[in-house]
Structure formats: structure tokens, C-alpha cells
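Peer 1: sequence and predicted structure are below.
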Amino acid sequence: KIQAATSDWPRVPILLAEIEIQNRRFDEAKAVLEKALETFPDSPMVWASLAELAIRRDDGDLKAFARASERILHEAMQTLGDRIELRLARISSATRFDPSRARTLLAEVESGQERLPPDDQYRLLTRLAQAYQRLGDREQAARLWSELARRFPRDVTAQWFIAELALQRGDNALAETTLAAVRELEGTDGPIGNYLEAVALMQSLGTESEQKAGQAKAQRLLRNVIKQRPSWSAGWRALGMLEESAGNKSEAIEHFRKAMSCGDQSREVATRVIQALYLQQRYDEADEELRRLSDDDAGLIAGDLARLAWQVAWERQQFDRAIGLAGDVASDSRNHRDLIWLSQLRFARGLRGDDVEQPLREAVKIAPDASESWYALVAYLARVGRVTDAEAAIEQAADKLPRDGVLLFEAHCFELLDLPDRAEER
């Protein structure tokens, strides 16, 4: 109805595209935005939305999507010039690359920010600081939060993050100073101040009775925080950490899930939640959390979280998806176990030949001194009846493996080949 009544408002097609994205119809969303770009070629919002669509997709090569996003933004900047919407979209795109490349791109985005209006400077520096935190670069994040606090001394958000980073690196003096500044800005019982005081208590050392009293006070403060700001993910996350430290795993996971539903996108929290659901065989719920996370930021599904994702998909009998996810993990990994798992998944789905053997050959190349890589290769060759090739692999392994484990390795391999005499000899 709005579109019919208002043909000159670019937000309408952007919202229509968002509906398509939420329903995982990425090509349809792209078509909506490309058509909108024809109508609104000077709208930085449409350009930014098209670029961000590319990095939100999880139905293909994530790195290729990130490169596509970068190309769109480069063309947009050539067309429109320096616009805050495009700088913000570049930050989202940058975090999809490896850390060194991401830092280079973020530095480019920051360059010349002093020319922007104050409100745009605030938005840009805030997003940059958050991006550096997600990359684990605390030094750059602290620099930017400090700069924000200097330029905008009444902004409590900058003080909050400065205090949190200080606590993470054990700078208690700075944390106390910043907490005092937060209390001055929001009052003696403000949510951010309560949160920071609780986190400090959770990390404090002392006698057993002092720690117990500190944990009890931290819990009271955090309970107050979630009453003051029930939709603030930081409060729920901290409460989950507190319950976890007390051994209350079930309560901790529920708090972590609440944090995720309130917008927490940290890989740390997501891994905890999905690992717990997986171990409890709640595979559908684990998949639901993974998809929600992927919708927000497909780039978060990496490392241990991606390993969990393929295991969840396999248990839900989404075998092709599981193999695809395992392949994505293996392609970016230097861990030989990722390649072994990929090979075994493919074998279980009936694949043979190079699809199964090549990952195993790569695994023994990456970790030539790991017996499990060689054993997996020998096992595959034995299963497909290539006994001569399996024996050749055993000989190659004997030259690579530590001497004290070679005989036992050979014994196990010869058992696989149904050669009991040679196994017993070893």
C-alpha cells in the first residue's frame, strides 16, 4: 500500500527486500534492490543495502560474496562520492575478510572521517570500534572508544566499552575511573554502571568467602540490570557467565539464548548455546539458532561454530548441507581433522574417488606426523579394495611418523587389511 501511494521513497523497496531476505529468497531480494537502484540511482541507502545483501548471503561462497560487496561499494563511491551510508556498509563488508585484510579496509574507512559532520563521525567511529572488537583487536578498539569519549564526553556508551576493555586486560585502575564516570552520567543505580560493577566483581580475586559474597552481589546487580533493560543482551550474557561459573549449566544456557535473542552476535556465546543443544540432541533448536545467527551475519559461522553447524545438519539428515559446510570449514582450515571429517562425510554419502581421497592426501600433507591422518587414508584405501596402494601409504607413513609409534600404527593398519600375521609381527 505504501509503495502504491509513495513511488519516490527508497525505503519501501529496501523493506520489501528485507522480507525476501528473512525468507531466505536472496535472488528475489537482489532483484528488488537492483530494480530500486534503477529508480533511485543516487540513493546511498539502496547501494548500501545491495552491498550488505551480498555479505548476508550464506547460500554460496562467502568470500566471493564479500568480494562482490566490495565491488558494489567501490562503484557506489565512484558514483555518489563519500557518503556515511557507504562507509558504514564498507565496515560490514570488511569484517568478512581475514583479519589482516579487514584491518586494512577498516583503516581506509576511517581515513578522512574528520571531514564528516559530528553526528556522522560518532556513527562511524562507534561502528569501527565495534568492528575492531569483533576482530579481537583490543588496542584499536580502545583507541577509538577513547577518541569517542574525548569528542563526546557525555556519551555513556564510549565509557562503558572503555571500562569493559580495561577489565579484560586487567587494568583495574582505569576500570574504576571509568565506572565512576559512568555513574556520574547515568546515576548511582544506572544499568550500565550496575553491569560494569557486576563484571568487575565476577573477575575479582580474594578469599573464598570474599569471592562468594562478590558473586552474590554480582547476581543481584545483574538481576537489576535485566529488569532495567530486559532487551539488553550484555546483561543476559553476563548473567549466563555467572551461572556457568557456579556450575549451573542449564540456567547459563537459557541466559545465553536470551542474550542471542536480544541481539548478541558473539561467536563465544553462540558456540556455548549450540554446543549445549547439540549434546542434548536438540538438533532442531540448534539449527534454529544457527540460522538466526547466519541471517544476522553469515560470516560468524566459521571455525568451531562451523564445525558444530555441519554436525547439526548431519544429525538432522541434511546430508548435502552438512557436506557443504564441512567443505567450507576444510577449505579455510589448517587442521587435518577437518579434512578427515570431510572425507568421511563424503564416503558415508556414497561418494568415492578423488572426492574422498583428495582431502585425506591433503591431511597427510598438512600433518605428516599425525598417525590419524595416515590411518584414515589407509582405511579408505582398504575399504575400496586398493590393498597395494594402502600398503604403499603405510610405508610412506613409516618414514614420517615419530619412531616410537610406527610399529603400533603399522599393526593397526595391517589389521585393517586383514593381514593378521604381519600385524602380530609388528
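Peer 2: In hand now; what should we look at?
Peer 1: element containing Lys217, please.
Peer 2: helix 208-228 (DSSP states H and E).
Peer 1: on the three-state scheme, the residue lying closest to Gln344 once chain neighbours are set aside is what?
Peer 2: Spatial nearest neighbour of Gln344, excluding adjacent residues (C-beta to C-beta, 6 or more residues apart in numbering): Ala376 at 7.4 Å. (C-beta placed from N, C-alpha, C; glycine too.) Of the three states, Ala376 takes helix under DSSP: H, G, I helix; E, B strand; the rest coil.
Peer 1: can you count the residues close to Ala376?
Peer 2: Ala376 has 23 neighbours, counted by other C-beta atoms under 10 Å.
Peer 1: what of the one 10 residues further on?
Peer 2: Burial of Arg386, expressed as a neighbour count using other C-beta under 10 Å, amounts to 15.
Peer 1: so for it, what's the pLDDT?
Peer 2: Listed pLDDT for Arg386 reads 93.
Peer 1: and the gap between it and Ala423?
Peer 2: Counting by C-beta to C-beta, to the nearest Å, the separation of Arg386 from Ala423 is 19 Å.
Peer 1: what angle do the next helix or strand after the helix holding Lys217 and helix 208-228 make?
Peer 2: Next helix or strand after helix 208-228 toward the C-terminus (DSSP H and E): helix 233-245. Helix 233-245 runs at 150 degrees relative to helix 208-228, counting by axes from the mean of the first three to the mean of the last three C-alpha atoms, to 10 degrees.
Peer 1: what average pLDDT does stretch 31-45 get?
Peer 2: For stretch 31-45, the mean per-residue pLDDT is 94.
Peer 1: who touches it?
Peer 2: Applying C-beta atoms under 8 Å, 6 or more residues apart in numbering, the contact partners of stretch 31-45 are 10-11, 13-14, 16-17, 20, 46-47, 49-50, 53, 76, 79-80, 83-86.
Peer 1: now the buried members of the residues you listed.
Peer 2: Those of these that meet the buried threshold are 10, 13-14, 16-17, 20, 46-47, 49-50, 53, 76, 83-86, by 16 or more other C-beta atoms under 10 Å.
Peer 1: of all the residues you listed, which two lie farthest apart?
Peer 2: Glu20 and Ile84 (25.5 Å; C-beta to C-beta).
Peer 1: tell me the gap between stretch 254-271 and the middle of its chain.
Peer 2: 12 Å (C-alpha atoms, centre = their mean, to the nearest Å).
Peer 1: contacts for stretch 85-97, please.
Peer 2: Residues outside stretch 85-97 that contact it (C-beta under 8 Å, 6+ apart) are 44-45, 47-48, 51-52, 54-55, 62-63, 65-66, 69-70, 73, 76-77, 80, 101-102, 105-106, 108-109, 113, 123-124, 127-128, 131, 134-135, 299.
Peer 1: what's the spacing between the strand or helix carrying Pro13 and its chain's center?
Peer 2: Taking DSSP H and E as the criterion, Pro13 maps to helix 11-22. Put simply, helix 11-22 sits 24 Å off its chain's centre (C-alpha atoms, centre = their mean).
Peer 1: now swap in stretch 309-329 and tell me
Peer 2: Between the centre of stretch 309-329 and the centre of its host chain there is 17 Å, according to C-alpha atoms, centre = their mean.
Peer 1: span of it from start to end?
Peer 2: For stretch 309-329, the first-to-last residue distance is 10 Å (C-alpha to C-alpha, to the nearest Å).
Peer 1: the chain should start at 143 in everything you say after this.
Peer 2: Sure thing, new numbering starts at 143, so read that last one as stretch 451-471.
Peer 1: now do that stretch, average pLDDT.
Peer 2: pLDDT averaged over stretch 451-471 gives 86.
Peer 1: which members of the contacts of stretch 227-239 are classed as buried?
Peer 2: Buried residues within these, defined by neighbour count using 16+ other C-beta under 10 Å: 186-187, 189-190, 193-194, 196-197, 204, 207-208, 211-212, 215, 218-219, 244, 247-248, 251, 255, 265-266, 269-270, 273, 276-277, 441.
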